[in-house]
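Asker: Output the structure for:
(chains A and B)
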Amino acid sequence: SAVISQKPSRDICQRGTSLTIQCQVDSQVTMMFWYRQQPGQSLTLIATANQGSEATYESGFVIDKFPISRPNLTFSTLTVSNMSPEDSSIYLCSVSGRSGAVGETQYFGPGTRLLVL
Amino acid sequence: TQLLEQSPQFLSIQEGENLTVYCNSSSVFSSLQWYRQEPGEGPVLLVTVVTGGEVKKLKRLTFQFGDARKDSSLHITAAQPGDTGLYLCAGHTNAGKSTFGDGTTLTVKP
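Answerer: Predicted coordinates for the structure are as follows:
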């Protein structure tokens, strides 16, 4: 399985500010995803981070609010822009396709716990 | 939209009891994963099942994939407090994305 790290692990932010979350994988992967999760609940996919092109966003999520970068096959960032208390959540990075093949099992980072005051 | 229904949503049992969590869909998946997530951590993969009718055992955990690859179950024998956590099933398609169930929060009391 891939080893995935996220920075920061947690943060407390003021409303109106922005936070960039980093995701680093120990090997090249085909697919990288960003999820949001409320404690004790299931995962909601925000977007698929595409290497070298714009991310693909799910319904209800837009690039202006959640800009994503993926400069290479091992790194991605998610920015939560102009934050409000409703953005308080756990943000998870996930990867699949460690061997380069699409359709493999997803693995998850430890998550970033965000609290917006 | 592919949906995965998990049941029960919450489960609180005593140490030593057995339990089963179900994951059902009207869609066919190429594979299905079960994850366990503990507070403060990301989901950790427990198993992947890919063949209809497949049964996999991981110590006290038994996973089954339905013959039609639309449903799955997780059975835990003699549950222990260390089994406490959020259990998530995820159906996977070759399109590269997973559909996650709503999750089952399991509490095992000593």
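Asker: check which helix or strand covers residue B:72.
Answerer: For residue B:72, the element it lies in under DSSP states H and E is strand B:71-76.
Asker: by contact count, what packs against that strand?
Answerer: Using 3 or more CB pairs under 8 Å, 6 or more residues apart in numbering or on different chains; DSSP states H and E, the elements in contact with strand B:71-76 are strand B:19-24, strand B:31-37, strand B:61-65, strand B:85-92. (Glycine included, C-beta is placed from N, CA and C.)
Asker: I'd like those strands written out as a markdown table, with mean neighbour count, mean pLDDT and distance to residue A:27 added.
Answerer: Formatted as a markdown table, these follow (neighbours: other CB atoms under 10 Å in any protein chain shown; pLDDT from 0 to 100; distance: least, CB to CB, whole Å):
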| stretch | mean neighbour count | mean pLDDT | distance to residue A:27 |
| --- | --- | --- | --- |
| strand B:19-24 | 19 | 97 | 29 |
| strand B:31-37 | 23 | 93 | 19 |
| strand B:61-65 | 20 | 97 | 26 |
| strand B:85-92 | 24 | 93 | 20 |
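Asker: Backbone torsions only: list them for residue A:86.
Answerer: Backbone dihedrals for residue A:86, given as degrees, to the nearest 10, come out at phi -70, psi -20.
Asker: Please apply the same query to residue B:82.
Answerer: Dihedral angles phi and psi of residue B:82 (degrees, to the nearest 10) take the values phi -70, psi -10.
Asker: Make CSV out of the helices and strands packed on strand B:71-76 and add distance to chain A.
Answerer: Converted to CSV, these look like this (distance: least, CB to the nearest CB, whole Å):
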stretch, distance to chain A
strand B:19-24, 12
strand B:31-37, 6
strand B:61-65, 13
strand B:85-92, 6
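Asker: who wins for proximity to residue A:19 among the ones you listed?
Answerer: When the helices and strands packed on strand B:71-76 are compared for distance to residue A:19 using CB to CB, the nearest one is strand B:31-37, at 22.2 Å.
Asker: next structured bit after the closest one?
Answerer: The first helix or strand that comes after strand B:31-37 along the chain, using DSSP H and E, is strand B:44-49.
Asker: Not counting residues beside it along the chain, what's closest to the closest residue to chain B within chain A?
Answerer: When distances are taken as CB to the nearest CB, chain A reaches nearest to chain B at residue A:108, 3.8 Å away. In space, not counting the residues next to it along the chain, residue A:108 is nearest to residue B:42; the distance is 3.8 Å by CB to CB, 6 or more residues apart in numbering or on different chains.
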